[in-house]
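[1] got a predicted structure here, sequence first:
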Amino acid sequence: MAKRPSTVFVCQECGSQSPKWLGRCGDCGAWNSFVEERAQPESSGAAAAGPHRYALAGAAGARLYADIELEQHPRLSTGIDEFDRVLGGGVVPGSLVLLGGEPGIGKSTLLLQAAANMARTIGPVLYSSGEESEHQIKSRGERLSVGTAPLYLLAETCLERILEEIARVKPALVIVDSVQTIFSLKFQSAPGSIGQVREAATQLLFMAKGQNIPTFLVGHVTKDGSLAGPKALEHVVDTVLYFEGERHHSHRVVRAVKNRFGAISELGVFEMTSTGLRPVPNPSKMFLAERPSNAPGSAVLCSVEGSRPILVEVQALVSSSTYGTARRTANGIDQQRLSLLLAVLEKRAGLNLIGDDVFVNIAGGMTVDEPASDLGVLAAIASSVRNRVIPQTTAMFGEVGLAGEVRGITQANLRVREAAQMGFRRCIMPEANIDPADRGTAGDCDLVGVRTIGEALDVALG
């Protein structure tokens with residue numbers, strides 16, 4: 001009598017296994033995340049495959065550090081300057097890059113544009129899609145003017161079949177869209193499960209490293225905005241990029257949250273057009289293009305994303321509350337950070353906001369999460385409360401502590417230089433960041449150092 005295959009319940013958030021279904025995972029705390037999967041027999045597991053199943057090509061054994069010679073490989077350009085910036089200067093041969101984002105944000109469009117450019121310059125590219133047919137991909141390609149580039153299209157979801165096509169075509173670049181649709185014949189579970197995603201990412205990693213082929217993976221995101229898969233997928237790859245943007249705005253942002261070959265938090269800005277994504281070389285100009293003049297509650301702050309300074313407008317609206325509890329709404333900044341800053345404003349600056357609704361928005365759909373934005377947010381709120389206008393040519397940045405002090409920040413000179421290039425004539429910044437040698441001026445921009453939030457508001461609202 002044949003032995004009935006055993007089953008196991010696997011958490012789709014962390015990969016934890018249990019012999020029975022559990023409502024809450026004991027390892028990661030996720031609710032209703034266990035899915036029944038068929039346990040793999042020992043013969044199909046790692047033990048039967050031998051010790052070299054997960055060995056990278058060329059890993060014959062341990063080698064002395066001093067005996068290893070470095071191999072310098074030039075980075076490959078995608079033909080899109082903003083995309084190259086986020087990747088750290090281009091694509092590293094043999095790297096595995098994960099691009100995540102919400103449905104319809106433009107992930108496939110960006111990668112198809114990059115694939116066409118790289119096919120023209122470095123060689124054939126294999127674009128494997130598990131969500132669209134070849135005709136659907138070509139329809140988009142005609143809109144993006146792909147032309148006669150040596151771009152191979154494959155509509156396939158079987159991992160083994162994709163690896164066979166890679167061995168046959170021998171491409172210079174591989175794109176898999178998306179990793180959640182890929183399944184391996186070694187597992188009985190459905191595509192997108194933790195076992196399937198981990199196996200697909202691992203095998204593609206070995207292919208990329210062993211054959212020195214750069215590979216891009218497209219990843220879905222969950223309702224809370226994190227990559228589905230789960231975090232195990234981010235640990236496997238070399239680079240993790242997030243595609244962000246508001247559906248009601250034309251611009252899109254690609255942000256690096258992990259990069260073994262470049263700086264993290266690097267940012268690239270694109271504009272969605274009818275012919276694809278167009279790079280935006282000057283994001284500050286775009287975000288400030290529609291800034292209103294002589295409007296209370298508007299301030300300009302300078303945020304640094306990776307190595308790039310970006311000027312953005314922060315808007316605040318303070319109005320009397322019609323309910324018993326005042327509302328605090330933030331768009332583009334952290335809600336908890338806004339509550340903390342409002343408490344500092346009430347305690348240290350003497351503004352009574354306990355009975356007012358406070359709404360704060362970063363114009364243009366940009367997200368700012370660094371502490372240097374504190375001073376600009378507080379100035380915008382105070383401007384709305386006092387109904388006073390902050391001059392159009394004034395920019396500000398600085399971290400605000402709980403005692404009301406304005407603390408020094410990093411890369412202050414870079415922020416000042418960007419503000420001066422955009423036509424700003426005054427920068428309100430921490431006193432600690434002003435060099436005594438050139439105190440009071442930096443080219444055409446006057447530097448005003450402040451120590452407390454009270455001093456900053458007096459200077460900004462005069």
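    Thanks, I have it.
[2] make it CA atoms for all contacts and neighbour counts henceforth
    OK.
[3] so how far is I390 from A419?
    To I390, A419 is 15 Å away according to C-alpha to C-alpha, to the nearest Å.
[4] ok, now I409?
    22 Å.
[5] if you count surrounding residues, which of those two has more?
    Legend: neighbour count by other C-alpha atoms under 10 Å for I409 and I390, higher for I390 (26 against 16).
[6] what segments of the stretch 101-250 of the chain are strands?
    For the stretch 101-250 of the chain, the strands defined by DSSP state E, counting those that start in this stretch cover 125-129, 151-155, 173-177, 215-219, 239-244.
[7] the longest strand in the protein is where?
    Ranked by residue count under DSSP state E, the longest strand found in the chain is strand 308-320.
[8] pairing partners for that strand, with directions?
    Strand 308-320 has these partner strands in its sheet, going by DSSP bridges: strand 298-305 (antiparallel), strand 356-362 (antiparallel).
[9] can you lay out these as CSV showing distance to P93 and mean pLDDT?
    Output for the strands paired with strand 308-320, formatted as CSV (distance: least, C-alpha to C-alpha, whole Å; pLDDT from 0 to 100):
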stretch, distance to P93, mean pLDDT
strand 298-305, 25, 93
strand 356-362, 37, 94
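[10] now distance to G94 and mean neighbour count too, for these, in JSON lines please.
    Below are the strands paired with strand 308-320 laid out as JSON lines (distance: least, C-alpha to C-alpha, whole Å; neighbours: other C-alpha atoms under 10 Å):
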{"stretch": "strand 298-305", "distance to G94": "26", "mean neighbour count": "26"}
{"stretch": "strand 356-362", "distance to G94": "38", "mean neighbour count": "21"}
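[11] show the contacting residues for S339.
    The neighbours of S339, taking C-alpha atoms under 8 Å, 6 or more residues apart in numbering as the test, are R328.
[12] need the pLDDT of it.
    What the model reports for S339 is a pLDDT of 93.
[13] mind naming the longest helix for this protein?
    In the chain, with assignment by DSSP state H, the single longest helix is helix 194-211.
[14] tilt between it and strand 173-177?
    170 degrees (axes from the mean of the first three to the mean of the last three C-alpha atoms, to 10 degrees).
[15] now do helix 194-211: distance to the chain's middle.
    Here helix 194-211 shows a centroid-to-chain-centroid distance of 22 Å under the convention C-alpha atoms, centre = their mean, to the nearest Å.
[16] and that helix, what's its mean pLDDT?
    Mean predicted confidence for helix 194-211 is 91.
[17] try stretch 234-248
    So the average pLDDT for stretch 234-248 ends up being 86.
[18] hmm, who's touching it?
    Under the criterion C-alpha under 8 Å, 6+ apart, residues 87, 95-102, 105-107, 201-202, 205, 251-261, 365-366 lie in contact with stretch 234-248.
[19] among the residues you listed, the buried ones, what's the ChimeraX command?
    Remark: buried members of the contacts of stretch 234-248, expressed as a ChimeraX selection using 16 or more other C-alpha atoms under 10 Å:
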select :87,95,96,97,98,99,100,101,102,105,106,107,201,202,205,251,252,253,254,255,256,257,258,259,365,366
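[20] isn't E102 up against V221?
    Yes: between E102 and V221 there is a contact at 5.9 Å, judged by C-alpha atoms under 8 Å.
[21] downstream of the lowest-mean-pLDDT helix or strand in the chain, the next helix or strand is which one?
    Lowest by mean pLDDT, DSSP states H and E among the helices and strands of the chain is helix 46-49, with a mean of 41. Counting by DSSP states H and E, the element after helix 46-49 in chain order, helix or strand, is helix 81-86.
[22] can you tell me the SS state at the residue nearest to N352 when sequence neighbours are not counted?
    Excluding its sequence neighbours, the residue lying closest to N352 (C-alpha to C-alpha, 6 or more residues apart in numbering) is E346, at 5.7 Å. Remark: E346 carries the secondary structure label helix [criterion: DSSP: H, G, I helix; E, B strand; the rest coil].
[23] tell me the helices in the chain, going along the chain?
    46-49, 81-86, 107-121, 134-143, 159-169, 194-211, 231-236, 283-287, 335-349, 374-386, 412-421, 453-461.
[24] what's the fourth one packed up against?
    It refers to helix 134-143. strand 151-155 (3 or more C-alpha pairs under 8 Å, 6 or more residues apart in numbering; DSSP states H and E).
[25] which neighbours in the sheet does the strand it packs on have, and how are they oriented?
    Assessed with DSSP bridges, strand 151-155 is paired to strand 125-129 (parallel).
[26] one step back: let me have the strands paired with strand 308-320 in a markdown table, adding distance to A460 as columns.
    Output for the strands paired with strand 308-320, formatted as a markdown table (distance: least, C-alpha to C-alpha, whole Å):
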| stretch | distance to A460 |
| --- | --- |
| strand 298-305 | 9 |
| strand 356-362 | 18 |
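[27] closest to R24 out of these?
    strand 356-362 (36.4 Å; C-alpha to C-alpha).
[28] which residues touch that closest one?
    Under C-alpha under 8 Å, 6+ apart, the answer for strand 356-362 is 312-321, 326-333, 368, 377, 381.
[29] can I get it as PDB, trimmed to CA atoms?
    Listed in PDB are the C-alpha atoms of strand 356-362, where the atom choice follows Å, rounded to 0.1, in the frame of the first residue of the first chain:
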ATOM      1  CA  ASP A 356      -7.300  72.600  16.400                       C
ATOM      2  CA  ASP A 357      -7.200  70.100  13.500                       C
ATOM      3  CA  VAL A 358      -3.800  69.900  11.900                       C
ATOM      4  CA  PHE A 359      -3.300  68.700   8.400                       C
ATOM      5  CA  VAL A 360       0.200  68.400   6.900                       C
ATOM      6  CA  ASN A 361       1.000  67.400   3.300                       C
ATOM      7  CA  ILE A 362       4.200  67.100   1.300                       C
END
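[30] and that strand, how far from the chain's centre?
    So, by C-alpha atoms, centre = their mean, the centroid of strand 356-362 is 25 Å from its chain's centroid.
[31] kindly report the same for stretch 309-327.
    The answer for stretch 309-327 is 26 Å, by C-alpha atoms, centre = their mean.
[32] stretch 366-379 too?
    18 Å.
[33] what does it contact?
    Counting by C-alpha under 8 Å, 6+ apart, 245, 297, 299-303, 312, 314-316, 331-334, 341-342, 345, 360, 362, 395-400, 406, 409, 453, 456-457, 460 sit against stretch 366-379.
[34] let me know the average pLDDT across that stretch.
    Stretch 366-379 comes out at a mean pLDDT of 93.
[35] go on, stretch 83-103?
    93.
[36] again, but for stretch 388-397
    Mean predicted lDDT for stretch 388-397 stands at 95.
[37] gap between G192 and F243?
    Following C-alpha to C-alpha, the distance that separates G192 from F243 is 20 Å.
[38] again but with L22, I slipped
    L22 is 34 Å from F243, by C-alpha to C-alpha.
[39] what about the chain, any weak spots by pLDDT?
    Applying pLDDT under 70 to the chain flags the ranges 1-5, 39-60, 222-231, 247, 437-443.
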